[in-house]
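Trainee: okay, here's the prediction I keep looking at, along with the sequence it came from:
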Amino acid sequence: MDVLTRLTAHRIIPVVVLPSAESAGPLGEALVAGGLPVAEVTFRTAAAAQAIAALAARGDILVGAGTVLTRQQVDQAVQAGAQYIVSPGSSRAVIEHARAAGVPVVPGAVTATEIQAALELGIDLVKFFPAEACGGAGAVRALAAPFAGVRFVPTGGVSPANLGQYLAIKAVAAVGGSWMVPQSAIAAGDFAAIERLTSQAVALAAGSAADVAAGGAAGGAAATGNAAASAAQTAAAITTAATATGREN
Ligand code: 3PG
């Protein structure tokens, strides 16, 4: 299975901002224990490359680099052991450099023109960022119609409350988000909270998958309604937990 298939199979990609590489070890433990052995470590801090190296060295986490804006950051990420590159937008330079380095890249695209440009560069998995500000699930659904082969990773404003809306869209391969790795918990060393939020996120994604399967197989409005109600209850509980932990990423 290739890297992007393995990545999207998790359905949720934690977007991590680490102020120092020391947090990488316990963060990795928390993600693995929470059932989500994936991390997109953003180049928003100087600790990114070192944190990627620390997570990659574990061998049990699919670690990538996020917020990659330049060729130089591609090099730093790949040297540190990043297995994939994520960009907020589509840069031909970043895409071609990552490809030359043998590492898959997920660039950002939120308009039909951007998606078409990405397709011309051989990209068929795009980060839909910032998802909520750019029209949310409705926009993804509308864009998926003309671009049949394109799959999306909506990121930016995704939360337990709207996760199900995105994951219900067939063209959505996975969502990205920081709600399960809040900066306040990282700063406080509260990795138990991160493990808890992570396992709740995993449960919610599994619930969404079950809802979609139940709706598709039975087509029963009652079954779908019950599943939606229970997903909404779970989302409300997780939102409360995430708010209590702090969400300022
Ligand atoms: C990103 O870099 O992908 C986003 O900042 C993550 O967005 P979120 O913090 O709203 O989840």
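Mentor: The structure has been received and is ready for your questions. Numbers count the residues shown, from 1 in each chain.
Trainee: what residues does the chain have near the ligand?
Mentor: Residues of the chain lying close to the ligand (C-beta under 6 Å from any ligand atom) are 15, 42, 66-67, 129, 155-158, 176-179, 249. Using the backbone N, CA and C atoms, a C-beta is placed for each residue, glycine as well.
Trainee: which of the residues you listed are buried? Put it as a PyMOL command.
Mentor: Of the residues of the chain next to the ligand, the buried ones can be selected in PyMOL as follows, counting by 16 or more other C-beta atoms under 10 Å:
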select buried, resi 15+42+66+67+129+155+156+158+176+177+178+179+249
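Trainee: does the residue most central in space within the chain belong to a helix, a strand or coil?
Mentor: When C-alpha atoms, centre = their mean is applied to the chain, the residue found nearest the centroid is residue 176 (2.1 Å). Assigned with DSSP: H, G, I helix; E, B strand; the rest coil, residue 176 falls in the strand class.
Trainee: quick check: phi and psi at the nearest residue in space to it that is not next to it in sequence.
Mentor: The shortest distance from residue 176 to any non-neighbouring residue, by C-beta to C-beta, 6 or more residues apart in numbering, is to residue 155 (3.3 Å). With angles defined as degrees, to the nearest 10, residue 155 sits at phi -150, psi 140.
Trainee: can I get the residues of the chain next to the ligand in TSV with pLDDT, distance to residue 108 and secondary structure?
Mentor: Formatted as TSV, these follow (pLDDT from 0 to 100; distance: C-beta to C-beta, whole Å; DSSP: H, G, I helix; E, B strand; the rest coil):
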residue	pLDDT	distance to residue 108	secondary structure
15	98	12	strand
42	98	13	strand
66	98	10	strand
67	98	10	coil
129	98	5	coil
155	98	8	strand
156	98	9	coil
157	98	14	coil
158	98	14	coil
176	98	11	strand
177	98	15	strand
178	98	16	coil
179	98	19	coil
249	44	17	coil
